[in-house]
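1. Got a predicted structure plus its sequence, pasted below:
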There are 2 protein chains.
Amino acid sequence: MKNILITTVPFGVQNSAPLDKLKKAGVNYVINPLGRKLREDDLMDMVGDFDVLIAGTEIISEKVLNCAKRLKLISRVGVGLDGVDLLAARQRGIQVSYTPDAPALAVADMTIGLMYSLLRSIHLVNSQMHEGEWHRHFGRRISEITVGIIGAGRIGGLVLQTLNRLGCSNILINDINDSVQLDSSLKYKLVNKDEIYAAADVVTLHLPLTKESLNMIRRDHLMKMKSDAMIINTSRGGIINEHDLASILSGGHLGGAAIDVFEQEPYVGELIRSPRCLLTSHMGSMSVDCRARMEIEATEEALRFISGLPLQGAVPAEEYELRKREWV
Amino acid sequence: MKNILITTVPFGVQNSAPLDKLKKAGVNYVINPLGRKLREDDLMDMVGDFDVLIAGTEIISEKVLNCAKRLKLISRVGVGLDGVDLLAARQRGIQVSYTPDAPALAVADMTIGLMYSLLRSIHLVNSQMHEGEWHRHFGRRISEITVGIIGAGRIGGLVLQTLNRLGCSNILINDINDSVQLDSSLKYKLVNKDEIYAAADVVTLHLPLTKESLNMIRRDHLMKMKSDAMIINTSRGGIINEHDLASILSGGHLGGAAIDVFEQEPYVGELIRSPRCLLTSHMGSMSVDCRARMEIEATEEALRFISGLPLQGAVPAEEYELRKREWV
């Protein structure tokens, strides 16, 4: 009998299909009993008895893997692999799979929502109104601005597509792959990052966390942006230097920022003192439909593995190759 | 020499073109010296010396018009005519013009922005984060929901078009004109209001304030809506009963509301105590581009009138006819 540990919580709450599938398959499963994101030492204590992890964004380091004597599969609910030591897993014969498509729609949707809030000062005025203050702010319509997208993968591509549909066609794109191919019907221009900092009214980040992206946007990059420009991060914490962003906002540069992801989560850092910084709690992928799809796909992958069937979402070889260069 | 009073403020601040046009034409103009929305008695005191008003949403009642001995034109910056006693103006030979197209894009844009905030709890989580609390909320993507649009005029039509472009095709529409014609390429279904209350995840209002729309949505209508449904009003205050909405939200019914317009503005009423009520300060039309277009169009209309040229934005006869039935 195989044992599955589900580390990500909540799980099976919005939609019970993943739990129904596990029950029907008759496998043993345990849902993270702590009810919160596990720390490295929590997982080291817990992981020993399990053959399969259905995992969230926890740190699954070499130290964790050394405690995981029975582990044969990490089935990741979601797409980010920055928490998983892929190379250490491969050395131990542990396979890793993920669900890269499911969260993309939800994260792109959240990004567009944050962009509207920033452009029309919705979050700011809402706070003022609830304090009994009536201030009216001029804003900009989404179709009138220049957007810079850094990272043109699944999510960046969807953000581009949505902006085009909303009539926003002044879009500057930068990707680590200089010859990235996007749908030729879309309106955009490939540029370098400095051109984005100089020209964009809104910059939005859609990158994995790697050695190259860690701390990529610091004081000097933010200062290159227009004085009323805005920046959005729904990708991974640590890409924008949080201290530099807080300091620049309090100094009056930039029109605002929207930050959904943080170096340390839950976040309680200095950005909470900046009313112009729209803060959300790593909710990009948290739409009911996308979360259900992610949980179902990760569960089906775990059950395929247990039945000896081939994986459908195995992390591709290039992620391991990149890791050799970029692991942080 | 003709004298123009500009009552709406700020005016010519984001874009100086309207003031440039007035200066070039060599007319006398005065900008509202109180710097705030004028009350009826303010305007009664001020209006006597002026031939033309370039007006905002102030109350221009029969009492005001009785003090306006020289007045020949009210050139309204914007579209809502609920503040203007059209029939009293006509009796006195005062023409009224407006700029109905210019604000529509900005109001539709704001409506979509508020919808994203409600669906993904952006405003709510932002407030919690700034208080040091980390809560994660599941949301719904805009393409997955059923939207009810009450009022299928310029703005309602643009909201429909934008939602379709965002992949939202479950759209229920109700209009005072049962046989309203919308672009046949758009996806929607004409229904009665009760069908909207029963089925919509988000209800959005795009109506003028008339006898029929005043206090149109009260406790019993809100209670017909789904327990997690949301309602948006970017049209005119007074259409949703504010007390009933506040009471229903505090009782736990409805997923939330977004209210941009109020019976009394500036607003300081009981909705400010409901965190689930997203509040903004009548900012629907306040995009830089649309506001500039409204101010320019209203100024050009005033200058055309002074030069003896025909008006281009005269309020059409049907508005006067409706007023005979519906004036509130």
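-> Structure's in. What do you need?
2. Please, which helix or strand holds the most centrally placed residue in chain A?
-> With distances taken as C-alpha atoms, centre = their mean, the residue of chain A nearest its centroid is A:S235 (3.8 Å). Applying DSSP states H and E as the criterion places A:S235 outside every helix and strand.
3. check whether stretch A:254-274 contacts chain B.
-> Yes. Remark: stretch A:254-274 sits within contact range of chain B at A:265-268, A:272, by C-beta under 8 Å from any C-beta of the partner chain. C-beta: built from backbone N, CA, C; applies to glycine.
4. Which one (most neighbours) among the residues you listed?
-> Neighbour count (other C-beta atoms under 10 Å in any protein chain shown) singles out A:Y267 as the most crowded of the residues of stretch A:254-274 next to chain B, with 21 neighbours.
5. you'd agree that residue is up against B:H135?
-> No. If you go by C-beta atoms under 8 Å, A:Y267 and B:H135 don't touch, sitting 11.9 Å apart.
6. intersection of neighbour lists for those two?
-> Common neighbours of A:Y267 and B:H135, counting by C-beta atoms under 8 Å, 6 or more residues apart in numbering or on different chains, are A:S281.
7. Any buried residues in the helix or strand hosting A:Y29, and which?
-> Assigning secondary structure by DSSP H and E places A:Y29 in strand A:28-31. By neighbour count on 16 or more other C-beta atoms under 10 Å in any protein chain shown, the buried set for strand A:28-31 is A:29, A:31.
8. which residues sit against it?
-> For strand A:28-31, contacts defined as C-beta under 8 Å, 6+ apart pick out A:1-6, A:9, A:11-12, A:22, A:50, A:54.
9. The same query, at a cut-off of 6 Å, please.
-> Contact with strand A:28-31 is made by A:1, A:3-6, A:11, A:22, as judged by C-beta atoms under 6 Å, 6 or more residues apart in numbering or on different chains.
10. Starting from it, tell me which strands it pairs with and how they run.
-> Strand A:28-31 pairs in its sheet with strand A:3-6 (parallel), by DSSP bridges.
11. Could you pull out the buried residues of the strand it pairs with?
-> A:4-6.
12. need those residues in JSON lines with pLDDT and distance to B:T146, can you?
-> Listed next are the buried residues of strand A:3-6 as JSON lines, based on pLDDT from 0 to 100; distance: C-beta to C-beta, whole Å:
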{"residue": "A:I4", "pLDDT": "98", "distance to B:T146": "36"}
{"residue": "A:L5", "pLDDT": "98", "distance to B:T146": "38"}
{"residue": "A:I6", "pLDDT": "98", "distance to B:T146": "32"}
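13. Next, format those residues as TSV and append distance to A:A317.
-> Shown next, in TSV, are the buried residues of strand A:3-6 (distance: C-beta to C-beta, whole Å):
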residue	distance to A:A317
A:I4	26
A:L5	26
A:I6	27
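14. Out of those, the closest to B:I259 would be?
-> A:I6 (40.6 Å; C-beta to C-beta).
15. For A:S285, state which of the buried residues of strand A:3-6 is nearest.
-> Once C-beta to C-beta is applied, the member of those that ends up nearest A:S285 is A:I6, at 16.5 Å.
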